[in-house]
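Participant: Prediction below, plus the sequence it came from.
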Amino acid sequence: MEGTRAVERALASTLRPFESMARAGLATAQLALALAPHARCIWIACGPGNNGGDGLVAAMHLLDHSRRSGGDLEVVVTLCGDPARLPPDGARALSQALSAGLVIAPHPPRAFDCAIDALLGLGAQQALEGELAKQLQTMHGSTTTVLSVDLPSGLLADTGVYLGPAPKIGLGPRHTLSLLTLKPGLFTADGRDLSGVVWFDDLGCTSLNQIAPVATLHGIQGGSPQRAQVSHKGSQGNVVVIGGQSISLSGSGMTGAAILAARAALHAGSGRVYVGLLDGSEPSIHWDPQCPELMFRSVDTLQQDRHLLQSAATVCGCGGGSTVVARLPQLLSTCPKLVLDADALNAISGDDNLRRLTTQRAQRGWVTVLTPHPLEAARLLDQDTTTVMSDRLTAAMTVTRYLAAICVLKGSGTVITGPGQGPIINASGNSSLATAGTGDALAGMLGAALAMPDMAPESAFQAVATAVAQHGRLADDWDRERSGELTAGRLAMRARHLH
């Protein structure tokens, strides 16, 4: 939010008073008409600050449009707060609106075709209540188009935490016109559901690029690059997957997690994939009928093959259970490219020696990727999940700082952080991924992304971000194709070549 405020101040110094609000209001009105061109009633809910002023300016343009088009459009404006306490630009907008013939309605209309949320924007600081909360509930309970000005009211710009009443997701089209800057909170935590489709207008301040970004929004563009014709399995890299504790060891079988990771690594383009299941001295599973290309080894055999471990990307922890703890010291000390997931993360969170070995890897120029979901991140940070979710960017950056590793904090708007790197927020993916095993598939895809023999440590961060984006896009493509429920097994088999 401070970056946006800095841009606001810089823009204000180059414009006439009120010009920024005039541009914001015009942009809002134009977008509302584009989103709901046949609306008979548009409700503009204005709040007690400059966000409300943007709404009032938009209302004037909408009223003018209605008059010029024959009066078919009804424009209803409500104002929460004391008009006498509006900031200067907001007060000016109210004065102009009243002079233009707008009437402030005491209540929202009983029916509307489009609503413009101009209640708070950046102004939200505490839980919403009273008339503000009531109007938000009315908007979010509707099946009509809702357009939020700058931010959905109640959404914190930096974190994506929502302070408003519980919204009903999926009832109708939701849009947000982000002004001057794109706010991180729009793309992570609660933000993705509340903001809907995000539009951007820089209000003419394209030259104001002196403000450092808080994070980078990342996605996949175009198709996967073609492999060279001279490629062979050795040139595509090896992945070793260690995990999948047997039911015979603990009474809780998690073999499938390791198999999912291995299948995803194979289909994401790895030349060879080795699987070491944590099921005692003699593997109980020797091959995968769906993917006979996978090569099964005992974990002891894999750990004795130092040449393989030093050249491959190793994925450890998927379904590892408590058995994985004994395997971690050697893997941390041997594997230059290591993805740690699930039970490997839980093991590190409770063991000072394992944390020390993890941190020391960076001093050797080795790549470590941690893939926690919020609860696992909370364990790594000795916090609770609520604290992690209250600021996902800070949580991921703190994991990176503590363990000198790339952190992939999973969730809506996955956050990727790395030593010396600015945070990345992933733009792809959807709720189809909210099913068991999709994180295991992601771990395998990350292994494939790191497995290329020519993968330099300095390229690992971008490779990880690309794999995360590709994982999300697989879910987006599946959702568009409406191919039934997405399962982790289906996701792993659809993983694509990333290199």
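Facilitator: Looks like it arrived, so ask away. Numbering: from 1, shown residues only.
Participant: Give me the most central residue, the protein.
Facilitator: Centroid check for the chain by Cα atoms, centre = their mean gives residue 413 as the closest residue, at 0.8 Å.
Participant: Could you confirm that residue falls within a strand?
Facilitator: No: Residue 413 is assigned coil when assessed by DSSP: H, G, I helix; E, B strand; the rest coil, not a strand.
Participant: Tell me how many other residues crowd the closest residue to it other than its chain neighbours.
Facilitator: Closest residue to residue 413 apart from its sequence neighbours, by Cβ to Cβ, 6 or more residues apart in numbering: residue 188 at 2.9 Å. Any C-beta I mention is one placed from the backbone N, CA and C, and that applies to glycine too. Residue 188 is flanked by 28 other residues according to other Cβ atoms under 10 Å.
Participant: next one: residue 304
Facilitator: By other Cβ under 10 Å, 12 other residues sit near residue 304.
Participant: and what of residue 419?
Facilitator: 14.
Participant: who touches it in this structure?
Facilitator: 362, 400, 404-406 (Cβ atoms under 8 Å, 6 or more residues apart in numbering).
Participant: repeat that for 7 Å
Facilitator: The neighbours of residue 419, taking Cβ atoms under 7 Å, 6 or more residues apart in numbering as the test, are 362, 400, 404.
Participant: was I right about the residue nearest to the centre of the chain contacting residue 194?
Facilitator: No: using Cβ atoms under 7 Å, residue 413 is not in contact with residue 194; the gap is 11.8 Å.
Participant: Okay, the residue nearest to the centre of the chain and residue 47: tell me how far apart.
Facilitator: Note on residue 413: its distance to residue 47, by Cβ to Cβ, to the nearest Å, is 25 Å.
Participant: And the protein, what are its domain boundaries?
Facilitator: Per the record, the chain has its domains at 2-214, 233-494, by automatic domain parsing.
Participant: Including mean pLDDT, could these go into JSON lines?
Facilitator: Compiled in JSON lines, the domains of the chain are given as follows (pLDDT from 0 to 100):
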{"stretch": "domain 2-214", "mean pLDDT": "91"}
{"stretch": "domain 233-494", "mean pLDDT": "93"}
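Participant: what does the strand or helix carrying residue 398 rub up against?
Facilitator: Here residue 398, judged by DSSP states H and E, is contained in helix 392-403. Around helix 392-403, the neighbours that count as contacts under Cβ under 7 Å, 6+ apart are 159-160, 184, 188-189, 215, 355, 358-359, 370, 372, 377, 380-381, 388, 406-407, 409, 411, 415, 417-419, 423.
Participant: what sits against the closest residue to residue 63 other than its chain neighbours?
Facilitator: Closest residue to residue 63 apart from its sequence neighbours, by Cβ to Cβ, 6+ apart: residue 75 at 4.8 Å. Residues counted as contacts of residue 75 (Cβ under 7 Å, 6+ apart) are 42, 59, 62-63, 66.
Participant: Out of the residues you listed, flag the one nearest to residue 430.
Facilitator: Using Cβ to Cβ, residue 42 is the member of the contacts of residue 75 that sits closest to residue 430, with 29.1 Å.
Participant: That closest one and residue 62 touch, don't they?
Facilitator: Yes: proximity of residue 42 to residue 62 meets the contact threshold set by Cβ under 7 Å, at 5.8 Å.
Participant: Which residues belonging to the strand or helix carrying residue 359 are considered buried?
Facilitator: Assessed by DSSP H and E, residue 359 sits inside helix 352-360. Neighbour-count burial for helix 352-360 flags 354-355, 357-359 (criterion: 16 or more other Cβ atoms under 10 Å).
Participant: Which residues outside the very next helix or strand once past that helix are in contact with it?
Facilitator: Per DSSP H and E, the first helix or strand lying C-terminal to helix 352-360 is strand 367-370. The contact list for strand 367-370, computed with Cβ under 7 Å, 6+ apart, reads 336-340, 345, 358, 361, 399, 403, 405-408, 446, 450, 457, 460, 464.
Participant: One more: stretch 323-339?
Facilitator: For stretch 323-339, contacts defined as Cβ under 7 Å, 6+ apart pick out 242-243, 245, 249, 278, 299, 303, 306, 309-310, 313-317, 343-344, 347, 354, 357-358, 361, 366-369, 371, 443, 446-447, 450.
Participant: Filter the residues you listed down to the buried ones.
Facilitator: The neighbour count (16+ other Cβ under 10 Å) marks 242-243, 245, 278, 299, 303, 309, 313-317, 343-344, 347, 354, 357-358, 361, 366-369, 371, 443, 446-447, 450 as buried among the contacts of stretch 323-339.
Participant: my read: residue 179 touches residue 24, true?
Facilitator: Yes: counting by Cβ under 7 Å, residue 24 is a contact partner of residue 179 at 5.4 Å.
Participant: Mutual contacts of the two, please.
Facilitator: residue 203.
Participant: Who are the packing partners of the host helix or strand of residue 56?
Facilitator: Using DSSP H and E, residue 56 maps to helix 50-68. Contact here means 3 or more Cβ pairs under 7 Å, 6 or more residues apart in numbering; DSSP states H and E; on that basis helix 50-68 packs against helix 19-35, strand 41-46, strand 74-79, helix 88-99, strand 114-118, strand 145-149.
Participant: Could you rerun that using 6 Å?
Facilitator: helix 19-35, strand 41-46, strand 74-79, helix 88-99, strand 114-118 (3 or more Cβ pairs under 6 Å, 6 or more residues apart in numbering; DSSP states H and E).
Participant: All the helices of the stretch 201-350 of the chain, residue numbers only.
Facilitator: 247-250, 255-267, 299-304, 306-311, 328-334, 343-349 (DSSP state H, counting those that start in this stretch).
Participant: Any idea which of these gets closest to residue 20?
Facilitator: Here helix 343-349 is closest among these (Cβ to Cβ), at 45.7 Å.
Participant: export the closest one as CSV, just CAs?
Facilitator: Extracted in CSV, the C-alpha atoms of helix 343-349 (Å, rounded to 0.1, in the frame of the first residue of the first chain):
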residue,chain,number,x,y,z
ASP,A,343,6.8,-34.8,5.6
ALA,A,344,10.3,-33.7,4.8
LEU,A,345,9.2,-30.2,5.8
ASN,A,346,7.6,-31.4,9.0
ALA,A,347,10.8,-33.2,9.9
ILE,A,348,12.9,-30.1,9.3
SER,A,349,10.5,-27.9,11.4
